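**Student:** okay, sequence plus prediction incoming.
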Amino acid sequence: MDDFAKPQKPMFQKSEKKSRVKSLLTLVLIALVFIAPFVFQGFGQIFMVRVLAVVGLYIILALGLNIVVGYAGLLDFGHIAFYAVGAYVAMIVGTPVAKLLGSTFGGLSYFIALPVGGLVAAFVGLLLGLPVLRLRGDYLAIVTLAFGEIVRICLTNNIFGITNGASGLPAAGHALPDPFGLAWLKLHTYFTIGDNFVFTFTSNVYWYIIIVVLILVAIVVVRRQDDSRLGRSWAALREDDVAASAMGVDLTKAKLYAFALGAFWGGIAGVTFSYFQAFVSPESFTFLESSLVLAIVIIGGMGSIPGVLVGALVIQGIPEFIRGIASSGLLDSVGIHLTAEKISEVSSYRMLILGALMVVMMAVRPEGILPSKRLARELHPVKAEPVVEGPSEELDDDMLEKQ
Amino acid sequence: MTQHLVEANDATIQFGGLRAVDNVNMVIDKGEIVALIGPNGAGKTTFFNLLTGIYSPTEGEILFDGESVSGVKPHIIAKRGISRTFQNIRLFSSMTALENVMIGRHVRTKSGAFGATFHTPAFKKEEIEIQASAEYWLEFCNLSQFANEVASSLPYGVQRRLEIARALATDPKLICLDEPAAGMNPQESAKLNSLIFKVRDAGVTVLLIEHDMKVVMNLADRIYVLDFGKLIAQGNPADIQANPAVIEAYLGKGAEAMMKKNMDAKAAKGGHENA
């Protein structure tokens, strides 16, 4: 239809310009993200580096959950279970591998544990997916919730005798070695600017960078999967499963793919978490954590990757930030003096603030902070404007003649 | 003996005490346009659901291309070559028209997570094929201009045609249209008429449920009439129009005489325009 190609052209150029600005902005943001830990570390705000790293882990987790909830529309309250599986697999596989590799290369064990943890979590995701294929909505939510709790309780009860129960892994003195190259970096990247800025390469910075790289990889992979035949089948499943299956979408396959691929990123985040902490215990994987990840996806904007990034910053970042500020002594410099008691009080308020924020969000902007275009449309249906049917009459006459 | 495309043998489905489809026998041959009519609640849509795998017959069976469709999942049936539209439009409302039709290609393509993740050459080739084919079917249904419009923002008649485009994208042998002309104005239903002929000419057999008798009489080669789940008549449009059982089912007893009078008057005027 030539008549329609013409008016569209200038619009297309405009959007090209816009997308160039957008990609420039993205590059600047990525640069900032990489510079941030150096700045914080240099000024001695190690706490902030850790907060950002944890936010990063939650971004990976939420990117995985976003596949299940945002793309495929399956409500999943047990996503933290895959995080736990990844973390424990990392410890159980990583520790012997590290010993095997010896003290020089032991740090490489992370890169071996990483795919193993991801794949095991994906497999567990399949196992969860199989029995819940027929369930939808609230029923699915309850079963996945139970699944998350079962995993946590299994870990607490030292299942197969390998999880060491409530005291967690690894046992004292068996900590994992520093990752590959960290020792070298520590020696060679020490520098100071003036008196206040002293940079040393710590394991926090190291893990921060690893996590950022993982996030970038996850974003590329998840976007590609969404923008494919598989992603379209998820969208179809989410919108109307009856129509989807009538059009030939294998619902079983689409759901299992969603669970497995979502769980994979849960596992990846878990492996990284356990190496980052050098310790795992069941209490990191409570239902609260599951619901926080779900809140990240929903408040950020279901089905939207920028939404997940912002959501994680808000949900995981703000509370930690409040706690961090309260205990960092920064408030002293503006004349507010907090006792230790007050500090813990402020920390407790953070969940209250978060809760209030969530209520307001759901009332004012249910599609989330940065929703995907599709889901925004679902929640705010476009009013049917009469689209002018345009120059279709000629063709119609042809068709009529054929009769 | 040539094989029928669809062969229903005593197809029955019982919901509790209700036999929604009751011992229906039907054959459809390749290249036909067959209409299934009947009053509201006669079991027409239920029959569609039996045919497309949403329900499974409790008795009897339906053969498609010589194979039973009983208990076969809908997506497998779509793969075998039956596609459908829905009485209440079931487009993927937040997707664009083009994306909707691309979903229809799902069943004829096969790339999975691996191809999507690594953008393998086979994946890229398939994506191009999917898009090209979706564009072709949009064009076929005269919808190209709406390709990038969100489905829910389209006018009603266009949405109906888009559902047909999506169904055609699955490369069906048989397309089942559930009240395609419902809610259309005369202009739109004229367009629909020509589209359905075009579909048939493209080699796709058509089974349609329709209440708009003008559309049915115009299009159908043969008509089956259901009432309370039972087949009460079958034949060509002229036979059906004159069939007393059909008239009774639609209009109640006593209507027959009135209809006959009407028909005679029309015949005297020089033939029925639709026959």
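**Tutor:** Looks like it came in fine. Quantities reported herein were computed from a predicted structural model and do not represent experimental measurements. Numbers count the residues shown, from 1 in each chain, chains lettered A, B, ... in the order given.

**Student:** tell me the mean pLDDT for stretch A:195-212?
**Tutor:** Averaging pLDDT along stretch A:195-212 yields 80.

**Student:** keeping just the C-alphas, turn it into PDB.
**Tutor:** Output of stretch A:195-212 as PDB, limited to C-alpha atoms (Å, rounded to 0.1, in the frame of the first residue of the first chain):
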ATOM      1  CA  ASP A 195      43.300  12.600  50.600                       C
ATOM      2  CA  ASN A 196      39.700  11.400  50.600                       C
ATOM      3  CA  PHE A 197      39.700   9.100  47.600                       C
ATOM      4  CA  VAL A 198      41.500   5.800  48.200                       C
ATOM      5  CA  PHE A 199      40.600   3.000  45.900                       C
ATOM      6  CA  THR A 200      41.300  -0.600  46.600                       C
ATOM      7  CA  PHE A 201      39.900  -3.400  44.500                       C
ATOM      8  CA  THR A 202      37.800  -5.400  46.900                       C
ATOM      9  CA  SER A 203      35.800  -8.600  46.300                       C
ATOM     10  CA  ASN A 204      32.700  -6.400  46.600                       C
ATOM     11  CA  VAL A 205      33.700  -4.400  43.500                       C
ATOM     12  CA  TYR A 206      34.700  -7.700  41.800                       C
ATOM     13  CA  TRP A 207      31.300  -9.200  42.300                       C
ATOM     14  CA  TYR A 208      29.600  -6.000  41.400                       C
ATOM     15  CA  ILE A 209      31.200  -6.100  38.000                       C
ATOM     16  CA  ILE A 210      30.400  -9.800  37.500                       C
ATOM     17  CA  ILE A 211      26.800  -9.100  38.400                       C
ATOM     18  CA  VAL A 212      26.500  -6.200  36.000                       C
END
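
**Student:** buried residues, that stretch. List them.
**Tutor:** Buried residues in stretch A:195-212, counted by 16 or more other Cβ atoms under 10 Å in any protein chain shown: A:199, A:201-202, A:204-212. For every residue, glycine as well, the C-beta is placed using N, CA and C.

**Student:** quick one: distance of that stretch to the chain centre.
**Tutor:** Its chain's C-alpha centre and that of stretch A:195-212 lie 22 Å apart, by Cα atoms, centre = their mean, to the nearest Å.

**Student:** give me the contact list for it.
**Tutor:** Stretch A:195-212 has contacts (Cβ atoms under 8 Å, 6 or more residues apart in numbering or on different chains) with A:33-34, A:37-38, A:41-44, A:46, A:49-50, A:52-53, A:56-57, A:60, A:178-179, A:182, A:185-186, A:189-193, A:272, A:275-276.

**Student:** restricted to buried residues, select the residues you listed in PyMOL.
**Tutor:** To isolate the buried members of the contacts of stretch A:195-212 in PyMOL, using 16+ other Cβ under 10 Å:
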select buried, chain A and resi 33+37+38+41+42+49+50+52+53+56+57+60+178+179+182+185+186+272+275+276
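
**Student:** any idea which helix or strand carries the nearest residue to A:Phe47 once chain neighbours are set aside?
**Tutor:** Nearest non-adjacent residue to A:Phe47, counting by Cβ to Cβ, 6 or more residues apart in numbering or on different chains: A:Gly324, 5.1 Å away. Taking DSSP states H and E as the criterion, A:Gly324 maps to helix A:318-328.

**Student:** from the contact counts, what lies against that helix?
**Tutor:** With contacts defined as 3 or more Cβ pairs under 8 Å, 6 or more residues apart in numbering or on different chains; DSSP states H and E, helix A:318-328 has these neighbours: helix A:46-66, helix A:340-364.

**Student:** can I get it in CSV? Just the C-alpha atoms.
**Tutor:** What follows is helix A:318-328, C-alpha atoms only, in CSV (Å, rounded to 0.1, in the frame of the first residue of the first chain):
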residue,chain,number,x,y,z
ILE,A,318,15.4,2.1,48.7
PRO,A,319,15.0,0.0,51.9
GLU,A,320,18.7,-0.9,52.0
PHE,A,321,19.5,2.7,51.2
ILE,A,322,17.4,4.0,54.1
ARG,A,323,19.1,1.5,56.4
GLY,A,324,22.5,2.4,55.0
ILE,A,325,22.0,6.2,55.4
ALA,A,326,20.7,5.7,58.9
SER,A,327,23.7,3.7,60.0
SER,A,328,26.4,5.3,57.9
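
**Student:** how far does that helix sit from the chain's center?
**Tutor:** 21 Å.

**Student:** tally of neighbours for residue 247?
**Tutor:** Answering for chain A, as no chain was given. Per other Cβ atoms under 10 Å in any protein chain shown, the neighbour tally for A:Met247 reads 29.

**Student:** let me rephrase: I mean chain B.
**Tutor:** When neighbours are defined as other Cβ under 10 Å, B:Ile247 has 21 of them.

**Student:** and the helices in the stretch 201-350 of chain A?
**Tutor:** A:203-226, A:229-239, A:241-246, A:251-277, A:287-300, A:305-312, A:318-328, A:330-333, A:340-364 (DSSP state H, counting those that start in this stretch).
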